[in-house]
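Chemist: Just need the structure, nothing else, for what follows:
(one chain, ligands or ions: 2)
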Amino acid sequence: MKKDSLWLGYRDEDKQELERVCGLYKKCLDEGKTERECASLVVKMAEEKGYRELYSALKQGERLKAGDKLYVVQMNKSVALFQLGKKPISEGMNILGAHIDSPRIDVKQNPLYEKDGFAYFDTHYYGGIKKYQWTAIPLALHGVVAKKDGTTVNVCIGEKDDDPVFVITDLLVHLAGEQMTKKATEVVTGENLDLLIGNCPLSDETEEGEENKDKEKDALKANVLKLLKDSYDIEEEDLLSAELEIVPAGKAKDLGFDRSMILAYGQDDRICAFTSLFAMLDMASDITENTLCCLLVDKEEIGSVGATGMQSRFFENAVAELVAATEEDSQRLVRRALANSRMLSSDVSAGYDPLYANAFEKNNAAFLAHGLTFNKYTGSRGKSGSNDANAEYIAQLRKVMDEADVKYQFAELGKVDVGGGGTIAYIMAKYGMNVIDSGVAVMNMHAPYEASSKADVYEAVRGYSAFLRS
Ligand code: MN
Ligand code: MN
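Modeler: Ligands and ions are numbered 1, 2, ... in the order given. Predicted coordinates:
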């Protein structure tokens, strides 16, 4: 089953289209560095293609018909897009799914402290990270601060050319003799993963002299709070109801002399989310047989939990509304709609890395520039926790992909018993639908910067389009 690099087979017009798609993909990565930013970007792009918010459309009492395009947003962090087909929804949908949360470092609820002349935000990391990778690189702060008056302040610092950035410091190598003997899991502890945010105390002139003497030891904190107050009208207590995420600063870049790859933060799993979205929005002017759905969800990296994770019922609720509006208000028909659906549950695959060849079994590894990856199963230690896709369904997908001349590969996540991972596939499989794990291979998954192949981005969009049309 050995295949050649896709680059050898592309004509000039393929490469042009590939660069167009990847340019758009990189822009989306830059605009969507948190699940909230991704969700609002998805809504903006969907509205440009004629999508309307489902619940407000229903309120207006209009009759929904084939070709109608509707979206649902769950708490600003997850989005489901639907494009109604000619057939009843209860006959099943073609669903593309992916997640829009990525590993990162979150700011704690009581974050602000100062120590020995520096001001810090205390943090708690989100998702599986190698903690040492997140030190000594420029970091940006993205998120929201929700205030008691009901307003929400958006924060994004570290992305514009003249913005400041932040850093998590590491011990200089000269003094790191002891640190360097530690295991990688202990080199940097979670509690030490704090963000350096200031070094300049509030000056005497800005406060009455006497009072400031007492406060001297908190002058660094006071200065940060003053800046937050001035720029965002935020008090320290407002940080209690904030969601501030620390992510690598800067834009997605081409990788390599040949510019064949992309290096960027958050490609797990936005590489699958945005390619699924592009394929979905490309269908906007078609009238299809089946209802199409693109489901982009939060919280996968911490187990798909919470009201915005895949285990939440928000998606099922939206389907129930659609079935009620287009067929009848019947739980049985909702169940049929879900059970009769077919899904590509897309998440990144572990791209084969020659420098760490030992972790992979080459015949069943995903290679960059070898196309859309299908994983029959994921999980770990004997497929535990995986959705093991049905052979019959896989055969159907092979036919769909081959007929559309989409390049694809089958792989699993590393050597048996070396590790493993999960996705949202098993959750959707609970409805009894056909689901398979698919997606794009990336290298250094969960590192601050992940590497992918432009060819795979291109094939992913082509593959998802073929699936939606099937
Ligand atoms: Mn993922
Ligand atoms: Mn992940």
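Chemist: going forward, measure contacts between C-alpha atoms and count neighbours the same way
Modeler: Will do.
Chemist: which residues touch the nearest residue to Val418 once chain neighbours are set aside?
Modeler: Nearest residue to Val418, sequence neighbours excluded (Cα to Cα, 6 or more residues apart in numbering): Ala359, at 6.7 Å. Contact partners of Ala359, counting by Cα atoms under 8 Å, 6 or more residues apart in numbering, are 414-415, 418.
Chemist: Drop anything exposed from those residues.
Modeler: Buried members of the contacts of Ala359, counted by 16 or more other Cα atoms under 10 Å: 414-415.
Chemist: how about TSV for the contacts of Ala359, with distance to ligand 1, pLDDT and secondary structure added?
Modeler: Below are these laid out as TSV (distance: Cα to the ion, whole Å; pLDDT from 0 to 100; DSSP: H, G, I helix; E, B strand; the rest coil):
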residue	distance to ligand 1	pLDDT	secondary structure
Gly414	15	89	coil
Lys415	18	90	coil
Val418	18	88	coil
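Chemist: now the contacts of Ala359 as a markdown table including distance to Pro354?
Modeler: Listed next are those as a markdown table, based on distance: Cα to Cα, whole Å:
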| residue | distance to Pro354 |
| --- | --- |
| Gly414 | 12 |
| Lys415 | 14 |
| Val418 | 16 |
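Chemist: Point me to the residue of the stretch 51-200 of the chain nearest ligand 1.
Modeler: At 6.6 Å from ligand 1, His99 is the closest residue in the stretch 51-200 of the chain, using Cα to the ion.
Chemist: contacting residues for that residue?
Modeler: 269-270, 272-273, 296-300, 347 are the contacts of His99 under Cα under 8 Å, 6+ apart.
Chemist: Just list whatever residues bridge to it.
Modeler: Val297 (DSSP bridges).
Chemist: what pLDDT does it get?
Modeler: pLDDT for His99: 98.
Chemist: Can you tell me how far it is from Lys299?
Modeler: 8 Å (Cα to Cα, to the nearest Å).
Chemist: Val461 now?
Modeler: Val461 is 23 Å from Lys299, by Cα to Cα.
Chemist: What are the buried residues along the lengthiest helix in the chain?
Modeler: In terms of residue count, the longest helix belonging to the chain (DSSP state H) is helix 12-31. Residues of helix 12-31 classed as buried: 18-19, 21-23, 25-26, 28-30 (neighbour count, 16+ other Cα under 10 Å).
Chemist: got the residue ranges for the helices in the stretch 151-300 of the chain?
Modeler: 184-187, 209-215, 219-232, 267-282 (DSSP state H, counting those that start in this stretch).
Chemist: Pipe these into CSV and attach mean neighbour count and distance to Glu178 per row.
Modeler: Formatted as CSV, the helices of the stretch 151-300 of the chain follow (neighbours: other Cα atoms under 10 Å; distance: least, Cα to Cα, whole Å):
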stretch, mean neighbour count, distance to Glu178
helix 184-187, 14, 10
helix 209-215, 12, 37
helix 219-232, 18, 31
helix 267-282, 26, 34
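Chemist: Not counting sequence-adjacent ones, nearest residue to Ala455?
Modeler: Using Cα to Cα, 6+ apart and skipping the chain neighbours, the partner closest in space to Ala455 is Ala369 (5.3 Å).
Chemist: Return the distance of the longest helix of the chain from the chain's centre.
Modeler: From the chain centre to the centre of helix 12-31 is a distance of 18 Å (Cα atoms, centre = their mean, to the nearest Å).
Chemist: which is the next helix or strand following it?
Modeler: Once helix 12-31 ends, the next helix or strand along the chain (criterion: DSSP states H and E) is helix 35-48.
Chemist: Fine, thanks again, bye for now.
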